[in-house]
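1. below is the sequence, then the predicted model.
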Amino acid sequence: MSDPMYLAYHDEEWGRPVKGDDAVFERVALEAFQSGLSWLTILRKRENFRAAFDGFSIVKVAAYTEQDARRLLGDPGIVRNRAKIEAAINNARAALELPEGLSDLVWRFAEPDAAVPRTMADVPATTPGSKALAKELKRHGFTFVGPTTAYALMQAIGLVNDHIAGCLAR
């Protein structure tokens, strides 16, 4: 974790509360794009993703057409994976349909009393909460949001605090 961008993300963003529908949508989308890749790859492309996806405005992304999907597939600044691009568009449309909004739905699954991991080996890949969150998102039509991706989201936006004991960011 010696890359300055990764260190800054860890120290200043990861595990800190993120609220607001568009902000949470961005994290849902980026966690899906990260699947199978290193997080550093996504961090390095994050500004490109923000530009390509209109700042992750749910309303704007939900209105994307096949032409927009083709534009995104041709954008070398992002991860060009059709399934992940289509998931981001689909998930924006699903988010628009949530009566309470995406942020409120996701934050219902916060685990503020989760055990403090002592080592990286103590950090789980999934939890009952991430399984429940993934199931709820899927029930509302979201795709590319399995329990592992849901847990990464929970970690990233502060629903759980997985900074290990003794970490300065804890």
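-> Yes, it's here. Residues are numbered from 1 along each chain as shown.

2. roughly how far does Ile89 sit from Asp68?
-> Using C-beta to C-beta, to the nearest Å, Ile89 is found at 7 Å from Asp68. Heads up, the C-betas are built off the backbone N, CA and C, glycines and all.

3. so which of those two has more stuff around it?
-> Legend: neighbour count by other C-beta atoms under 10 Å for Ile89 and Asp68, higher for Ile89 (21 against 17).

4. lowest average confidence, helix or strand, in the protein?
-> helix 4-12 (a mean of 94; mean pLDDT, DSSP states H and E).

5. and the next helix or strand past it?
-> helix 21-34 (DSSP states H and E).

6. helix or strand next in line after that following helix, which one?
-> Next along from helix 21-34, by DSSP H and E: helix 39-52.

7. which phi and psi values does the residue lying closest to Glu26 once chain neighbours are set aside adopt?
-> Of all residues not flanking Glu26 in the chain, Phe56 sits nearest, at 3.7 Å (C-beta to C-beta, 6 or more residues apart in numbering). In terms of degrees, to the nearest 10, the main-chain angles of Phe56 are phi 60, psi 30.

8. check contacts around Phe56.
-> Asp22, Ala23, Phe25, Glu26, Ala29, Phe49, Arg50 (C-beta atoms under 8 Å, 6 or more residues apart in numbering).

9. give me that answer again for 6 Å
-> Asp22, Phe25, Glu26 (C-beta atoms under 6 Å, 6 or more residues apart in numbering).

10. top of those by number of neighbours, please.
-> Most surrounded of these: other C-beta under 10 Å gives Phe25, at 25 neighbours.

11. next up, the contacts around that one.
-> Phe56, Ile58, Ala95, Leu102.

12. find me the pLDDT at the nearest residue to His140 once chain neighbours are set aside, would you?
-> Of all residues not flanking His140 in the chain, Ala94 sits nearest, at 5.4 Å (C-beta to C-beta, 6+ apart). Ala94 is assigned a predicted lDDT (pLDDT) of 98.
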